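**Q** the following comprises the amino acid sequence and a computationally predicted model.
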Amino acid sequence: MEENNQVSSSKKIYIAIIILLLLIIAGGGYLLYTDNQARHTAETQNAALSQEMKAVTDTLDAKKGELEAMKGVDAGKDSAITAQQDAIEKKEQEIKSAYASGRMTKGELAKAKEMIVQYEASIADMKKQIDQLTAEKAQLTDQNQKLNTDLTSEKQTTQQLSEQNKGLSKKVELGSLLQLKNILIEGIEKKKNGKEVTEKHVKKVESLRVTFETGDNKVLEPGKVTLYMRIINQKGETISVADEGSGTLKLAGTDETIQYTKQVDIDWAQTNKKVIVYWSSTIKAPGTYKVEIYQSGYAIGLAQAEFK
């Protein structure tokens, strides 16, 4: 009987041990399951946190890019744009640093997202200002181009008018020139009785007499008209004596100057007039002598004579 009681007691102990072991195994399994679940949940949360962090930093990068695109439109705005970029860069580095050290929380990411909203509002306002400046500059550019076009057109018109005026002035100038006729150069010998006779022998010629008629001209205003007479000797040299009024004149339309022998002033009344001019310098050598007459730098008359 006693032996049976001992066997029964041993069975109870074994059963208790088995139950305890089962409880331990079950508890361990539960803890392992719970730990796995916790680890899975943490990994899921970390992955979500990482994605959110990346989304935030990508957004911040994009905002910096938007700001960079606004530069160069207005120099006064570039410093404000750079300051905004620096602030975003600083915030982005703070987020990356907190995430790398394991200090990043959903709350901090939420604050960063709120700040992104503020950045977006600030950038939108800045973009609006830049767009307005761009539009104003474009308008000014269009106005300047129109002004330049108008100015170019006015310059062309002014130049055309100037050319026309020059042409008209030229026509008036040319129209004011006398049309000399019956030009004659003669050698003169003065007799004792005062009578002038023409002479072909240079030894007897005391002076040269040049005669011509002016012709009518209604364009040339009445008044004093100055002509210049140029006498050219048999060597092709201009006879010039400063003490007797010789000098130089500039040819019209050129920078060339030539000598003239004598200045001739006439009273002009717009009708034909006969003019007589004397040159008393002695003619010493035989040959062909020429006379050229100029008005306002233009040659208006030419004649020649042969002396023996």
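**A** Looks like it arrived, so ask away.
**Q** helices of the protein, residue ranges please.
**A** In the chain, helices defined by DSSP state H lie at 2-70, 75-100, 106-175, listed in chain order.
**Q** can you give me the angle the second one makes with helix 106-175?
**A** Using axes from the mean of the first three to the mean of the last three C-alpha atoms, to 10 degrees, the direction of helix 75-100 lies 160 degrees away from that of helix 106-175.
**Q** what packs against helix 75-100?
**A** helix 2-70, helix 106-175 (3 or more C-beta pairs under 8 Å, 6 or more residues apart in numbering; DSSP states H and E). For every residue, glycine as well, the C-beta is placed using N, CA and C.
**Q** likewise the longest one?
**A** Contact partners of helix 106-175 among helices and strands, from 3+ C-beta pairs under 8 Å, 6+ apart: helix 2-70, helix 75-100.
**Q** mean pLDDT lowest where, among the ones you listed?
**A** Comparing mean pLDDT across the helices and strands packed on helix 106-175, the weakest is helix 2-70, with a mean of 68.
**Q** so which residue is dead centre in the chain?
**A** N148 (10.1 Å; C-alpha atoms, centre = their mean).
**Q** give me the neighbour count for K91.
**A** 18 (other C-beta atoms under 10 Å).
**Q** again but with I81, I slipped
**A** By other C-beta under 10 Å, 22 other residues sit near I81.
**Q** offset the numbering so it begins at 873, please.
**A** Okay, residue one is now 873; in that scheme the one you just asked about reads as I953.
**Q** contacting residues for the closest residue to it other than its chain neighbours?
**A** Counting by C-beta to C-beta, 6 or more residues apart in numbering, I953 lies nearest to L939, which is 5.0 Å off, once chain neighbours are set aside. The neighbours of L939, taking C-beta atoms under 8 Å, 6 or more residues apart in numbering as the test, are 953, 956-957, 960, 995, 998.
**Q** farthest pair in the residues you listed?
**A** I960 and M998 (12.5 Å; C-beta to C-beta).
**Q** these two - which one has more neighbours?
**A** I960 (22 against 17).
**Q** can I assume that one is in contact with G937?
**A** No: using C-beta atoms under 8 Å, I960 makes no contact with G937, being 10.3 Å away.
**Q** over to E1128: give its phi and psi.
**A** phi -80, psi 140 (degrees, to the nearest 10).
**Q** spatially, what comes nearest to it if we skip its sequence neighbours?
**A** K1122 (7.2 Å).
**Q** could you check how far the one you found is from V1163?
**A** According to C-beta to C-beta, to the nearest Å, K1122 and V1163 sit 20 Å apart.
**Q** which one of those two is surrounded by more residues?
**A** V1163 (23 against 12).
**Q** I figured that one hits I1103, correct?
**A** Yes: at 5.4 Å, V1163 counts as touching I1103 under the criterion of C-beta under 8 Å.
**Q** now the common contact residues for these two.
**A** Counting by C-beta under 8 Å, 6+ apart, the shared contacts of V1163 and I1103 are 1057, 1080, 1082.
**Q** how about the contacts made by the last one?
**A** Read it as V1082. Per C-beta under 8 Å, 6+ apart, neighbours of V1082: 1055-1058, 1101, 1103, 1148-1151, 1163, 1165, 1175.
**Q** swap in the second one?
**A** Each residue near L1080 by C-beta under 8 Å, 6+ apart is listed here: 1057-1060, 1103, 1150-1151, 1153, 1155, 1161, 1163.
**Q** how much space between it and T1006?
**A** Applying C-beta to C-beta to L1080 and T1006 gives a distance of 83 Å.
**Q** again, but for the last one
**A** Summarising the geometry, the distance separating V1082 from T1006, computed by C-beta to C-beta, is 79 Å.
**Q** which residue is the nearest non-sequential neighbour of Y1132?
**A** Going by C-beta to C-beta, 6+ apart, Y1132 has Y1100 as its nearest residue, at 4.1 Å.
**Q** ok, now G1125?
**A** Among residues not flanking G1125 along the chain, G1169 sits closest, at 7.6 Å (C-beta to C-beta, 6+ apart).
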